[in-house]
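J.: I'll drop the sequence and a predicted model, then ask my questions.
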Amino acid sequence: MDCLTFVCLAVKCKRQFCKDLNCHKSGRRPRLLFVPIYKDVTCCSPKVARGEELGLKGENFRKKSRGDTSDTLGCVHFPLCDGCSLEESLTYPPCTEKMEKYFLKQNVRVTFHSDTPVHGWRSIARLAVRRDRKRRTKIGLFKEDSHSVVEIPKCQVHHPLINQALEKVKYVIEETGTCGYNEDLGDGQLRYIQMSVEHRSQTVQAAFVWNSPRLKEAGPTCKRFLRGLENTKWNFHSLWLNFNTTRGNRIFSFEQSSWLLYSGKPYAVESIGGVNIYFPPYAFRQSNMAMLKKLVSEISKYVDSKTRLLELYAGVGAIGIPVAYASGARLVGACELNGLSKEAYLKAVSALPASQRSSAEFFIGTAAAHRDKLKLCEVVIMDPPRSGLDYALAARLSTVRGKDILKRIIYVSCNFESLRRDLEIIQRNGIWKIRSAEAFMFFPGTDHWEILCVLDRNV
Ligand SMILES: C[S@@+](CC[C@H](N)C(=O)[O-])C[C@H]1O[C@@H](n2cnc3c(N)ncnc32)[C@H](O)[C@@H]1O
């Protein structure tokens, strides 16, 4: 999810620049934002002004008419900024047809959940900070196929608090003489900013990637910058530093020691399905919180009470824990590559009744490495990054073994192409049948759906 996410990183051909930017847009190039990205994904369609030419209608699908402002981007930064690829019919993206046809071939009608605001939905954003040739510091997204920054102060999909926070940051950058990073020279101070909204307090968790190995070497400007932000008395939930001096395209350093909480609280807390989920800046977080809640509520319908539930690609448990809470399932564990997510996961799990969490473990590593844990569960939830499932996991799922009790797979995907590939592997031995498919409009403005696909084991 996303990507960063943070979001879809681009990823094709020569465009393999930024390794940990997640961009849920086209996958054509490294765009800033939103979460880790991974291997090769198929390029999506180019920018299109509307998706209305497609005539398909899905169940519950509210097709909006052209000119309906609630389905139009209306952003001054379009099309210069590559964060969005659609300007109209945002809840009816071109990829819809392909997806519906695929599932229809498997005798499954897709249920659409597209009733979402198309503005202000992005509650986490990662932006680059760069110094241009005129020594001006710019904050924004990379322009396509380049590392020159397009400023987007009036971005329509950002939560309004993110734009407000960025305005304050820009002001403090100027006041304190903080210098944006210069990639060619490897000098400058501020490299990236991540802003993440905590909805309950209407505050913003801000993380600043600083070009120094530690606070000690960051120099007086760093402290002036942070004090300057505090002095604005604005709604910052917390101010974080991430120290990253590596050349290249990694936004963050993921060493624990590279993270410093300068002020405020360690976690942004969101209530999802009635349970508190804790988000530190160094863990994955979905960008559309309202739709995530809808997704969790739908998934809960596929999980019975007391079922043994495993979550793979778990992040901090934003899906699996609320699903267990709502359904009464027993968590047998969660697997996640980013070990820094463990503490937040265990904190959220502790809110579940003891009977539901007593055997819950957090397994750090790849889902492939932990695929033997599948034998512990009756239902597995998997929400991989855009690149899809680890091959060894998909292959393992395709061959049920003697003692396996697994009877349902709940696959959440932000990339139809990798989902289709994985479903082919999982289904190749005829053991699994698709029970249902639902599409959630997580990323209005992009040519993507978040897809929930449920498979049941043939009896
Ligand atoms: C799309 S996110 C979903 C996270 C979580 N389900 C949520 O909604 O917040 C994918 C997660 O998988 C993790 N990840 C990436 N590659 C992985 C792998 N090979 N094995 C296990 N986890 C992985 C990422 O760190 C990220 O937290």
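T.: The structure has been received and is ready for your questions.
J.: if you skip the residues just before and after it, what's nearest to the residue of the stretch 301-450 of the chain found nearest the ligand?
T.: Going by C-beta to the nearest ligand atom, the ligand is nearest to Gly315 of the stretch 301-450 of the chain, at 3.0 Å. Heads up, the C-betas are built off the backbone N, CA and C, glycines and all. Distances taken as C-beta to C-beta, 6 or more residues apart in numbering place Phe284 nearest to Gly315, at 4.1 Å, with adjacent residues excluded.
J.: The one you found - how many residues pack around it?
T.: 27 (other C-beta atoms under 10 Å).
J.: That one and the ligand, how far apart?
T.: Using C-beta to the nearest ligand atom, to the nearest Å, Phe284 is found at 3 Å from the ligand.
J.: Can I take it that that residue is in a helix?
T.: No. Assessed with DSSP: H, G, I helix; E, B strand; the rest coil, Phe284 is coil; it does not lie in a helix.
J.: Can you give me the first-to-last residue distance of stretch 403-419?
T.: Stretch 403-419 has an end-to-end distance of 27 Å (C-alpha to C-alpha, to the nearest Å).
J.: any idea whether the residue of the chain most remote from its centre is helix, strand or coil?
T.: Distance from the C-alpha centroid of the chain peaks at Gly402, with 36.0 Å (C-alpha atoms, centre = their mean). What three-state DSSP gives for Gly402 is coil.
J.: Tell me the confidence at it?
T.: Predicted confidence (pLDDT) for Gly402: 77.
J.: where does it fall, phi/psi-wise?
T.: For Gly402, the backbone dihedrals (degrees, to the nearest 10) come out as phi -40, psi -50.
J.: residues near Lys373, how many?
T.: When neighbours are defined as other C-beta under 10 Å, Lys373 has 18 of them.
J.: can you start the count at 38 instead of 1 from here on
T.: Sure, I'll start numbering at 38, so the last one becomes Lys410.
J.: rewinding a little: report the contact partners of the residue of the stretch 338-487 of the chain closest to the ligand.
T.: Neighbour list for Gly352: Met38, Ala320, Phe321, Arg322, Glu373, Asn375, Ser378, Tyr382, Asp420 [criterion: C-beta atoms under 8 Å, 6 or more residues apart in numbering].
J.: mind checking pLDDT for the last one?
T.: The reference is to Asp420. 98.
J.: ok, now how distant is Ala202 from Glu235?
T.: Going from Ala202 to Glu235 by C-beta to C-beta, to the nearest Å gives 12 Å.
J.: which residues are in contact with both of these two?
T.: Shared contacts of Ala202 and Glu235 (C-beta under 8 Å, 6+ apart): Val241.
J.: more crowded one of these two?
T.: Taking other C-beta under 10 Å, Ala202 and Glu235 do not tie; Ala202 has more neighbours (27 against 21).
J.: can you tell me which residues contact the more buried one?
T.: Met232, Val241, Ala243, Trp271, Asn272, Phe273.
J.: which parts of this structure sit against the ligand?
T.: Applying C-beta under 6 Å from any ligand atom, one finds that the chain approaches the ligand through 38-40, 73, 321, 323, 350-352, 355-356, 372-375, 403-404, 420-422, 427.
J.: Kindly recompute the last result at 5 Å.
T.: 38, 321, 323, 350, 352, 355-356, 374-375, 403-404, 420, 422, 427 (C-beta under 5 Å from any ligand atom).
J.: Type out the ChimeraX command that picks the buried ones from the contacts of Ala202.
T.: Here is the ChimeraX command that selects the buried residues among those (16 or more other C-beta atoms under 10 Å):
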select :232,241,243,271,273
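J.: ok, so of the contacts of Ala202, who is nearest Phe480?
T.: Within these, proximity to Phe480 (C-beta to C-beta) peaks at Met232, which comes in at 17.1 Å.
J.: wait, what's in contact with the closest residue to the closest one other than its chain neighbours?
T.: Nearest residue to Met232, sequence neighbours excluded (C-beta to C-beta, 6+ apart): Ile199, at 4.6 Å. Listed by C-beta under 8 Å, 6+ apart, the contact partners of Ile199 are Arg159, Ser160, Ala162, Cys192, Met232, Val234, Val241.
J.: Mind telling me the two of these farthest from one another?
T.: Farthest-apart pair in these is Cys192 and Val241; separation 14.2 Å (C-beta to C-beta).
J.: quick one, strands of the stretch 188-337 of the chain?
T.: For the stretch 188-337 of the chain, applying DSSP state E, counting those that start in this stretch gives strands covering 227-235, 240-247, 273-280, 296-301, 305-309, 312-316.
J.: a markdown table for these, including mean pLDDT?
T.: Shown next, in a markdown table, are the strands of the stretch 188-337 of the chain (pLDDT from 0 to 100):
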| stretch | mean pLDDT |
| --- | --- |
| strand 227-235 | 98 |
| strand 240-247 | 98 |
| strand 273-280 | 98 |
| strand 296-301 | 98 |
| strand 305-309 | 98 |
| strand 312-316 | 98 |
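J.: Show the backbone phi and psi for Met419.
T.: phi -130, psi 130.
J.: and it, how many neighbours?
T.: Met419 has 25 nearby residues by other C-beta under 10 Å.
J.: and it, what does it touch?
T.: Glu348, Leu349, Tyr350, Ala404, Leu426, Leu430, Ile446, Ile447, Tyr448, Val449.
J.: Which of the residues you listed fall within helices?
T.: Using DSSP state H, Leu430 are the members of those that sit in helices.
J.: which of the contacts of Met419 has the most neighbours?
T.: Glu348 (29 neighbours).
J.: Contact partners for Gly301?
T.: Going by C-beta under 8 Å, 6+ apart, Gly301 touches Gln242, Phe273, His274, Ser275, Leu276.
J.: for Asp441, same thing?
T.: Residues near Asp441 by C-beta under 8 Å, 6+ apart: Leu411, Lys412.
J.: How about Cys121?
T.: Cys121 sits next to Lys62, Leu110, Cys112, Phe115, Val194, Gly482, Thr483 when contact means C-beta under 8 Å, 6+ apart.
J.: what's the closest residue to it other than its chain neighbours in contact with, if anything?
T.: Nearest residue to Cys121 in three dimensions, chain neighbours excluded: Gly482, at 3.5 Å (C-beta to C-beta, 6+ apart). Applying C-beta under 8 Å, 6+ apart to Gly482 gives the contacts Lys62, Leu110, Gly120, Cys121, Ser122, Leu123, Leu127, Val155, Gln193, Val194.
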